[in-house]
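*Asks:* Dropping the sequence and predicted coords here.
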Amino acid sequence: MYDRNDPEPSFDPRSWGTAPPAAPATAAPMSSPTKVSKPRTLPTGVALAIAAAGAIAAYTARAPQQPQPTPTATASPAQAIDQRTLNVPGPASIAASLTALGVTQTDADTAGTLAIEELADTTGPLRLEVSIAHTRLHALTATHADGGGVVIERDANGTLAAKSLSAKLTRRLTFIRGELDGESFYSSAVAAGVQDVLVGAFANAFRYDFDMQREVSAGDVFEAGFEERVNADGEPVGPATLVYAYLATPAKTRALYRYQLPGAPEAEWFDSSGRSSRRSLMRTPVEAARVSSGFGMRGHPILGFRKMHRGTDFAAPTGTPIFAAGDATVTFAGMKGANGNFVRLHHANGWDTLYLHMNAIMPGISPGTQIAQGTQIGEVGTTGRSTGPHLHYEIHVDGEPVDPLSIETAGGQAIPGGQMAAFRTARDAIDARRAEPR
């Protein structure tokens, strides 16, 4: 055992030696046992520490020295790109939307300004595809439904720059054929798949040929052809346009093509021979109305006795538009006793048309004013001697009232000979598409 009076042990392995020999035993009487001295040893913890240090020193002395690489800067991993998609009302909303996504104010303002400059002549909502590197705008694509828009991305100098995207639209023609049900043309057309916004256009195409309330019935056949502009995904962009209308009843059949003559302010309807469907007077000067009382003798609903009914009554909700039946000059517009709000028009062929019981007369409709066929002159109402909202409509020929639903008006004019070739090309293109399998 280590004695504190012994020399302090060294931790240098070079000073280690063998333990000193034990002193020879001295003979002693048998009655007194001999005490044998044992070699002194180090405490266990100290010995282990010394052994470990020696092993490390020995390994270090033996191991060959490897050249160490020169420290270099560690390359940072590529910064992640966060991609977002959102919809905004228009280019003016882009900057605020980017800021809300965490883009720096500078980048957001720059992108917003570039987008407004590129999209100044466009309208409608935008779809944004945004790529963000931390808070830095990496790229932005803003597109309308038609595929047109702008791409904003960084150029070689790292500056945000814009380039426009052209709209990519194609035209698609769709034809729908059906039969009238027992309710109405509107319900029949919508049930067949005609867009509800086109039903009125279809009825207007035949406003000179058919009374849609009295001359069509269940089982009659109709066909509507409409054109749409579609984007690359086949989605319609903008409203559809009716380009073909067909209606067949037991009494007559009509097929009309929409065509705009060069220099004309708007398109018109023509039959297959190129003759306009437009007549000198419209059959019905109010839309979506039903005939509630016809021309002739009848029991007066208010006065209670039989009396000549000098026109045709079209029942419709209050406020329904009323149109001029033909090109004319206004000769009277105002309140007139039992007629209520009343407008009288004089036409070039000498005929007069009268419109009674209107809820209101449109501004600008006053005596001496010349108006075109189809101009709105008022709204359906129930002013004067009336039992409910309706239009009382009369036609006078040589000063005498005639039945508005039976009179034959002058036919439409034909397309000039020099423009017939272009019309035939448009007509044939529609017919070719109609003939394709569906």
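*Replies:* All right, it came through fine. Residues are numbered from 1 along each chain as shown.

*Asks:* how near is the nearest residue to G388 once chain neighbours are set aside to L391?
*Replies:* Distances taken as CB to CB, 6 or more residues apart in numbering put T382 closest to G388, at 5.6 Å, once the chain neighbours are dropped. For glycine as for every other residue, the C-beta is placed from the backbone atoms N, C-alpha and C. Distance of T382 to L391, computed by CB to CB, to the nearest Å: 10 Å.

*Asks:* So which of these two has more stuff around it?
*Replies:* Neighbours were tallied for T382 and for L391 using other CB atoms under 10 Å; the higher tally belongs to L391 (26 against 15).

*Asks:* What confidence value was assigned to N5?
*Replies:* According to the prediction, N5 has pLDDT 50.

*Asks:* again but with F11, I slipped
*Replies:* 47.

*Asks:* Repeat that for the one 3 residues further on.
*Replies:* Residue-level confidence at R14 comes out at 51, pLDDT.

*Asks:* T143: neighbour count?
*Replies:* By the other CB under 10 Å criterion, the neighbourhood of T143 contains 19 residues.

*Asks:* Enumerate every residue touching it.
*Replies:* For T143, the contacting residues are 126-127, 129, 149, 165, by CB atoms under 8 Å, 6 or more residues apart in numbering.

*Asks:* Can you check which residues contact both of T382 and L391?
*Replies:* The contact sets of T382 and L391 overlap at H357 (CB under 8 Å, 6+ apart).

*Asks:* Helix or strand, whichever it is, which one in the protein has the lowest mean pLDDT?
*Replies:* helix 44-62 (a mean of 44; mean pLDDT, DSSP states H and E).

*Asks:* Give me the next element, helix or strand, following it.
*Replies:* Secondary structure here is assigned by DSSP states H and E; on that basis, the next helix or strand after helix 44-62 toward the C-terminus is strand 81-88.

*Asks:* any low-confidence regions in the stretch 251-400 of the chain?
*Replies:* Across the stretch 251-400 of the chain, residues meeting the criterion (pLDDT under 70) sit at 288, 295, 297-307.

*Asks:* need the helices for it, in chain order.
*Replies:* With helices called from DSSP state H, counting those that start in this stretch, the stretch 251-400 of the chain shows none.

*Asks:* quick one: the helices in the stretch 51-200 of the chain?
*Replies:* With DSSP H, counting those that start in this stretch as the criterion, the stretch 51-200 of the chain has helices at 94-100, 105-118, 185-192, 196-205.

*Asks:* Other residues contacting the first one?
*Replies:* Contact with helix 94-100 is made by 86, 88, 105, 107-109, 111-113, 115-116, 126, 128, 130, 137, 140, 142, as judged by CB under 8 Å, 6+ apart.

*Asks:* Filter those residues down to the buried ones.
*Replies:* If you count burial by 16 or more other CB atoms under 10 Å, the buried members of the contacts of helix 94-100 come out as 88, 107-109, 111-113, 115, 126, 128, 130, 137, 140, 142.

*Asks:* and which of the residues you listed is nearest T409?
*Replies:* For T409, the closest of the buried ones among the contacts of helix 94-100 turns out to be L126, at 49.6 Å, with distances computed as CB to CB.

*Asks:* For the closest one, give the beta-bridge partners.
*Replies:* V88 (DSSP bridges).

*Asks:* got the contacts of T143 as TSV, with pLDDT and distance to V199 columns?
*Replies:* Conversion of the contacts of T143 to TSV gives the following (pLDDT from 0 to 100; distance: CB to CB, whole Å):
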residue	pLDDT	distance to V199
L126	93	32
R127	92	31
E129	93	38
G149	91	33
L165	86	35
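
*Asks:* who wins for proximity to G412 among the helices of the stretch 51-200 of the chain?
*Replies:* Closest of those to G412 is helix 196-205, at 12.4 Å (criterion: CB to CB).

*Asks:* Output the contacting helices and strands for the closest one.
*Replies:* Taking 3 or more CB pairs under 8 Å, 6 or more residues apart in numbering; DSSP states H and E as the contact definition, the neighbouring helices and strands of helix 196-205 are helix 185-192, strand 221-230, strand 236-248.

*Asks:* 10 Å instead?
*Replies:* Secondary-structure packing of helix 196-205 (3 or more CB pairs under 10 Å, 6 or more residues apart in numbering; DSSP states H and E): helix 185-192, strand 221-230, strand 236-248, strand 253-259, strand 268-270.

*Asks:* Could you measure from L114 over to N359?
*Replies:* In this structure, L114 and N359 are 51 Å apart, going by CB to CB.

*Asks:* Revised request: answer the last question for D196.
*Replies:* On the measure of CB to CB, D196 and N359 end up 25 Å apart.

*Asks:* And those two? Which one has more around it.
*Replies:* Set side by side, D196 and N359 show unequal neighbour counts under other CB under 10 Å, the larger going to N359 at 19 against 9.

*Asks:* Find the nearest non-adjacent residue to that one, please.
*Replies:* Excluding its sequence neighbours, the residue lying closest to N359 (CB to CB, 6+ apart) is G381, at 2.5 Å.

*Asks:* Likewise for M282?
*Replies:* Spatial nearest neighbour of M282, excluding adjacent residues (CB to CB, 6+ apart): A325 at 4.6 Å.

*Asks:* ok, now L242?
*Replies:* Spatial nearest neighbour of L242, excluding adjacent residues (CB to CB, 6+ apart): A201 at 4.4 Å.

*Asks:* Which residues are in contact with T382?
*Replies:* When contacts are counted by CB atoms under 10 Å, 6 or more residues apart in numbering, T382 is found next to 318, 340, 357-359, 388-390.

*Asks:* Please, a ChimeraX command that selects the buried ones among these?
*Replies:* In ChimeraX, a selection of the buried entries from those looks like this (16+ other CB under 10 Å):
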select :340,357,358,359,389,390
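
*Asks:* Which two among the contacts of T382 are spaced furthest apart?
*Replies:* Checked with CB to CB, those reach their widest spread between M358 and G388, with 13.6 Å between them.

*Asks:* and A429, what does it touch?
*Replies:* Contacts for A429 were tallied using CB under 10 Å, 6+ apart; they are 173, 243, 257.

*Asks:* which among these gets closest to R275?
*Replies:* When the contacts of A429 are compared for distance to R275 (CB to CB), Y257 comes out closest, at 10.9 Å.
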